[in-house]
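Asker: sequence first, then the predicted structure, then my questions.
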Amino acid sequence: MHDSILNEPLSLPCGAVLKNRLCKAAMTEGLADRYNRATKGHERLYRRWGAGGIGMMLTGNVQVDHRYLERPGNVVIEGEQSSEQLDALKRWSAAAKENGAAIWMQISHAGRQTMKYVASEPVGPSAVQVEMPGGMFGKPRALSADEITDIIGRFAHTARIAKETGFDGVQIHAAHGYLLSEFLNPLTNRREDEWGGALENRARLLRSVIAAVRQAVGADFPISVKLNSSDFQKGGFDFADSRQVAKWLREDGVDLLEISGGNYEQPVMMGTEGIEPVFEEGKRESTRAREGYFLDYAREMRAADTPPLMVTGGFRTRTGMETAIRDDGVAMIGLGRPLCVDTDAPAKLLGGAADHLTAWENILRIGPGWFGPQSKNNTLRMLNGWGIQAWFCLQLLRMGAGKAPNPRLGVFRAFLKYQSGEKKKAKALAW
């Protein structure tokens, strides 16, 4: 085995140990059946990833409420589970762990970022609509206090089922503009009750979810949180807020904190464009050119008293990953898009057979004159980002079907094919 810090195991506060420092980051799979149950596609995909040398895998969004999905192919865990669903979840976790990797379930509620073809009236902390072209999202309805209490119970229930069906940990998704992130963001949370206003109130739902999940799974079961470093919106959830919430999460017993950023209106999680860290008043730093979209934030945040940190996004070289762990206080490196094409990439990095990963997101860009990232037209930049996202999603669908990835697929074709396929799946939902 290659002598690299990436090969070192990671011990978490709860006592769990991960075999190395590489994590397959959460990526939406879209492989559930029309009843939003896990399928053979999940088994094929995660067996393939688990055989590739990765230390831990995070699933894509597993939703706590079938009415509010990130996409029609999400797995949903709510209410009393059928034996078919429980058996499917057990087969999924077992397939992922065949080669010694751990698998954690990412638990989420899409909130107002539920597409209109899934829910004409989504929900959120307040009735603030997603501002994106194309009319893809309906105006949300503000949640009642009783509904908020119900959501806390749903997260705990889903976490309990995850543990019972063989998953090794859970991640609570509080980033990227989904429901828990919406409560943290003062632009989308305009409530005047105990769930809104000061940061302490806006963070109440996230912290209540963590407490309920911990009670459901016990002290020795890993709980992670995915948190925005910033929403990158003026007047929104910013880095000072994020750093304070991170301190609270350590007090709450969170075992691993993944740092990310952005939402559907500012999708910086899809690339480095627009990311300009602001840490303290009067102090500005540009994003580090070498690697890691959110590494500057993680380095600054680690100076505070936070849970062990994981950073996902932009890592493409073994040297960059090693430096982040050795010098920047990062505990875990998340890998996403490279594993959509080369599932053996972790083993190559860990064994010294590869020093870098292919940056497909750069190869795929169509050009500055139309969809390109340098366009000053925000709509075109957004289409470029969503087109590339669709390209990666289709690669996962291929692998779930037992096929090899297709790097020759065009971005524009992928965008159209993905959108068409999602609407067909939405119409076929059994609910």
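Answerer: Received it, and whenever you're ready, just let me know what you need.

Asker: which strands or helices does the longest helix anywhere in the chain pack on?
Answerer: Using DSSP state H, we find that the single longest helix of the chain is helix 378-400. Judged by 3 or more CB pairs under 8 Å, 6 or more residues apart in numbering; DSSP states H and E, helix 378-400 is in contact with helix 40-50, helix 360-363, helix 411-428. In this view, the C-beta of every residue, glycine as well, is placed from N, C-alpha and C.

Asker: tell me the angle that helix makes with helix 411-428.
Answerer: Orientation note: helix 378-400 sits at an angle of 70 degrees relative to helix 411-428 (axes from the mean of the first three to the mean of the last three CA atoms, to 10 degrees).

Asker: and helix 378-400, what's its mean pLDDT?
Answerer: The average pLDDT for helix 378-400 rounds to 83.

Asker: likewise stretch 220-234?
Answerer: The pLDDT scores in stretch 220-234 average 90.

Asker: highest mean neighbour count out of the helices and strands packed on helix 378-400?
Answerer: Of all the helices and strands packed on helix 378-400, helix 40-50 has the most neighbours on average by mean count of other CB atoms under 10 Å, namely a mean of 21.

Asker: list the contacts of that helix.
Answerer: Defining contact as CB atoms under 8 Å, 6 or more residues apart in numbering, one finds that helix 40-50 is touched by 24, 29, 31-32, 57, 59, 75, 88, 91-92, 95-101, 103, 339, 343, 396-397, 399-402.

Asker: just stretch 401-417 next, same as before
Answerer: With CB under 8 Å, 6+ apart, stretch 401-417 has contacts from 41, 44, 340-341, 360, 364-366, 371, 383-384, 386-388, 390-391, 394-395, 398-399.

Asker: got a PyMOL select line for the buried ones in these?
Answerer: Listed next is the PyMOL selection for buried residues among the contacts of stretch 401-417, using 16 or more other CB atoms under 10 Å:
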select buried, resi 41+44+340+341+360+364+365+366+371+383+384+386+387+388+390+391+394+395+398+399
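
Asker: rewinding a little: will you turn the helices and strands packed on helix 378-400 into a markdown table that also has distance to residue 354 and mean pLDDT?
Answerer: Putting the helices and strands packed on helix 378-400 into a markdown table (distance: least, CB to CB, whole Å; pLDDT from 0 to 100) gives the following:
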| stretch | distance to residue 354 | mean pLDDT |
| --- | --- | --- |
| helix 40-50 | 17 | 98 |
| helix 360-363 | 15 | 74 |
| helix 411-428 | 25 | 91 |
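
Asker: quick one: which of those helices is nearest residue 114?
Answerer: Nearest of the helices and strands packed on helix 378-400 to residue 114, taken as CB to CB: helix 411-428 at 10.5 Å.

Asker: off-centre distance for stretch 322-331?
Answerer: 21 Å (CA atoms, centre = their mean, to the nearest Å).

Asker: so which bits of it are buried?
Answerer: Buried-residue list, stretch 322-331, by 16+ other CB under 10 Å: 322, 323, 324, 325, 328, 329, 330, 331.

Asker: residue 67 reaches residue 121, doesn't it?
Answerer: No: in this structure residue 67 lies outside contact range of residue 121 using CB atoms under 8 Å: 9.5 Å.

Asker: quick one, phi psi at residue 227?
Answerer: Phi and psi for residue 227, reported as degrees, to the nearest 10, are phi -130, psi 140.

Asker: nothing else from me, thank you.
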